[in-house]
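In: I'll drop the sequence and a predicted model, then ask my questions.
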Amino acid sequence: MPEPWLRGPITDVDPMVAPLLMSFQMAREDLARYTEGLSFAELWRDWPGIASAGFHLRHIAGSVDRLCVYLEGRELADRHLLSLAQEPEPGPTREQLLVGIEESFARCERIVHTLGPGELQEPRFVGRKKLPTTVVGLVIHIAEHTQRHVGQAITTAKFARLNPGGEP
């Protein structure tokens, strides 16, 4: 099967935000494939300066949730910051992490499906410093940030499988 971006246009959203939906589908497929069969220890194995695959999976879900708060024009709540602080800590299984990603993607997809072309240039602000961006800027960042961590999760999963107790 071709990659999601080669499966034809997504017709029920603005073409400027459709790539985010394609990115999410690619992330779903790649993460399921490349993390399949990882033991709990392999999932959460890290090395100095290299975060675990489990961290990246948890971070994907958390970062999408946080960025969607900004996409909606809101500010982060304490629960978002607590979640961020817990991302490196081992805990959830692979299956739980993939469910968390799916829930996060589904929430974001619902938001994206409501966006019209006139809203894409609307201003949005990120973080305590209220750094300026736009709706479309956030949509693009959510897609690229997700793919960045998908790649890191895949690489780290490969390291963990090849050498579960040693250096990468």
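Out: Everything's here; your move.

In: ok, and what's touching the lowest-mean-pLDDT helix or strand in the chain?
Out: One helix or strand of the chain scores below all others by mean pLDDT, DSSP states H and E: helix 78-86, with a mean of 87. With contacts defined as Cβ atoms under 8 Å, 6 or more residues apart in numbering, helix 78-86 is touched by 58, 62, 65-66, 69. In short, each C-beta sits where N, CA and C put it, glycine included.

In: buried stuff in the very next helix or strand once past it?
Out: Sequence-wise, the next helix or strand downstream of helix 78-86 (DSSP states H and E) is helix 94-113. By neighbour count on 16 or more other Cβ atoms under 10 Å, the buried set for helix 94-113 is 94, 97-98, 100-101, 104-105, 108-109, 112.

In: with just CA atoms, put helix 94-113 into CSV.
Out: Output of helix 94-113 as CSV, limited to C-alpha atoms (Å, rounded to 0.1, in the frame of the first residue of the first chain):
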residue,chain,number,x,y,z
ARG,A,94,3.2,-0.2,24.1
GLU,A,95,-0.5,-0.9,23.6
GLN,A,96,-1.5,1.8,26.1
LEU,A,97,0.9,4.3,24.4
LEU,A,98,-0.6,3.6,21.0
VAL,A,99,-4.1,4.0,22.4
GLY,A,100,-3.0,7.4,23.8
ILE,A,101,-1.7,8.4,20.5
GLU,A,102,-4.9,7.4,18.8
GLU,A,103,-7.0,9.4,21.2
SER,A,104,-4.8,12.4,20.8
PHE,A,105,-4.8,12.2,17.0
ALA,A,106,-8.6,11.7,17.0
ARG,A,107,-9.1,14.9,19.1
CYS,A,108,-6.8,16.9,16.8
GLU,A,109,-8.5,15.5,13.7
ARG,A,110,-11.9,16.7,15.1
ILE,A,111,-10.5,20.2,15.5
VAL,A,112,-8.9,20.2,12.1
HIS,A,113,-12.1,19.1,10.4
